[in-house]
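Model the following, please.
(one chain, ligands or ions: 1)
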Amino acid sequence: MAKELVRVLVTGAAGQIGYALVPMIARGVMLGSDQPVILHMLDIPPAAEALNGVKMELVDAAFPLLKGVVATTDVVEACTGVNVAVMVGGFPRKEGMERKDVMSKNVSIYKSQASALEQHAAPNCKVLVVANPANTNALILKEFAPSIPAKNITCLTRLDHNRALGQISERLNVQVSDVKNAIIWGNHSSTQYPDVNHASVKTPSGEKPVRELVKDDGWLNGEFITTVQQRGAAIIKARKLSSALSAASAACDHIRDWVLGTPEGTWVSMGVYSDGSYNVPSGLIYSFPVTCHNGDWKIVQGLAIDEFSRKKLDLTGAELSEEKELAYSCLS
Ligand SMILES: NC(=O)c1ccc[n+]([C@@H]2O[C@H](COP(=O)([O-])OP(=O)(O)OC[C@H]3O[C@@H](n4cnc5c(N)ncnc54)[C@H](O)[C@@H]3O)[C@@H](O)[C@H]2O)c1
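Numbering: from 1, shown residues only. Take a look at the predicted model:
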């Protein structure tokens, strides 16, 4: 029997990530190769023509799983009946702008989109915020959509997680699919803490800890961390544009694992509403290691946190608390 249609919203769909993401969704990369989808694409009026061009290309690509496309600049039309919402649209920081000005623009976008989702999305809609500042945009969305359960609102740190796996695979010259259980703690910013203390690699003689195989704590505690933290800036330097295909791919990974489940023995990183686990302040959207089952995520509990890690968890948490304060100051 054919599966029920799933409606997927992509905001900022005329942008670079949107352009890479919508064909992935239409090909089944996000929800499975047997899942028919209807794409809802939202952008702002100055991008309406470009958005229509993306719609034309989606039609031209003749994706068998794509059962319809809504391309609109009307937020209510965009949000109506959606089961999954990927929030990529936002206001970028422009030269000479203060941090508070950018925050203020995004707070107002996420406040109004929160209300539209709350009123018009399908019940139990799963929300992924990609646009920066991703954690704080997600928090604002949560605060202004009180009837959407907090567990349904997440932000993207899977790109950072995948970058950590990629760096380990390059260093050890192993397949990236054989590396697992890295963790991104905290903010999707340069204070994030990429942690490999619990990560392992599948080898011909069984699973081995990353630290045992790398045999270079200096690199793991130094250059590895800064490379992952600064990878976004390195991509901008090289491409003169920010990462798009890897961000789109990570957004698909995030939703796919959330909906379809993480493999046994594997966790992934997701920005989720903190319940105080690992002594992280509650009331923040903070990236944790999670496992997913039956459409729900659960923070992995009981991992040992050494002194080095503790400091890094606290530092990125403090930055998020400060961002939250700044966001709230924009509301008044
Ligand atoms: N979390 C992550 O891992 C990650 C990674 C890469 C990029 N990002 C962020 O993702 C966002 C998008 O990146 P991009 O490269 O696609 O940017 P982009 O500028 O190419 O596209 C953004 C799009 O959003 C649209 N937009 C602006 N305001 C909107 C609104 N109110 N409603 C709907 N659409 C709106 C713009 O018109 C534009 O088409 C940025 O905020 C970027 O910093 C996050």
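
Chain neighbours aside, what residue packs nearest to residue 10?
Using CB to CB, 6 or more residues apart in numbering and skipping the chain neighbours, the partner closest in space to residue 10 is residue 86 (5.0 Å). Quick note: C-beta positions are derived from backbone N, CA and C, even for glycine.

just checking, that neighbour touches residue 9?
Yes - under the contact definition of CB atoms under 8 Å, residue 86 touches residue 9, with a separation of 6.6 Å.

Report the contact partners of the residue nearest to residue 10.
Contacts for residue 86 were tallied using CB atoms under 8 Å, 6 or more residues apart in numbering; they are 8-11, 21, 128, 130, 251, 255.

Report whether it is found in a strand, as I expect.
Yes - with DSSP: H, G, I helix; E, B strand; the rest coil as the criterion, residue 86 is part of a strand.

now it: how far from residue 110?
Distance from residue 86 to residue 110, counting by CB to CB, to the nearest Å: 14 Å.

cool, and residue 275?
From residue 275 to residue 110 the distance is 22 Å (CB to CB).

Check residue 195 too.
Using CB to CB, residue 195 is found at 28 Å from residue 110.

Residue 263 too?
The value you get for residue 263 to residue 110, if CB to CB is used, is 32 Å.

More neighbours: which of these two?
residue 110 (26 against 11; other CB atoms under 10 Å).

contacting residues for that one?
Applying CB under 8 Å, 6+ apart, we find residue 110 in contact with 87, 129, 137-138, 140-141, 144.

How about it: what's its closest non-neighbour residue?
residue 140 (4.2 Å).

To what extent is residue 221 buried, counted in neighbours?
Other residues within reach of residue 221, judged by other CB under 10 Å, total 14.

Equivalent analysis for residue 183, please.
Neighbour count for residue 183, taken as other CB under 10 Å: 27.

Could you give the bridge partners of it?
As for beta bridges, residue 183 partners with residue 195 under DSSP bridges.

So it is in contact with residue 195, correct?
Yes - contact criterion CB under 8 Å: residue 183 and residue 195 qualify, at 4.4 Å.

helix, strand or coil for the residue in the stretch 51-200 of the chain that the ligand sits nearest to?
At 2.5 Å from the ligand, residue 89 is the closest residue in the stretch 51-200 of the chain, using CB to the nearest ligand atom. Put simply, residue 89 is coil when judged by three-state DSSP.
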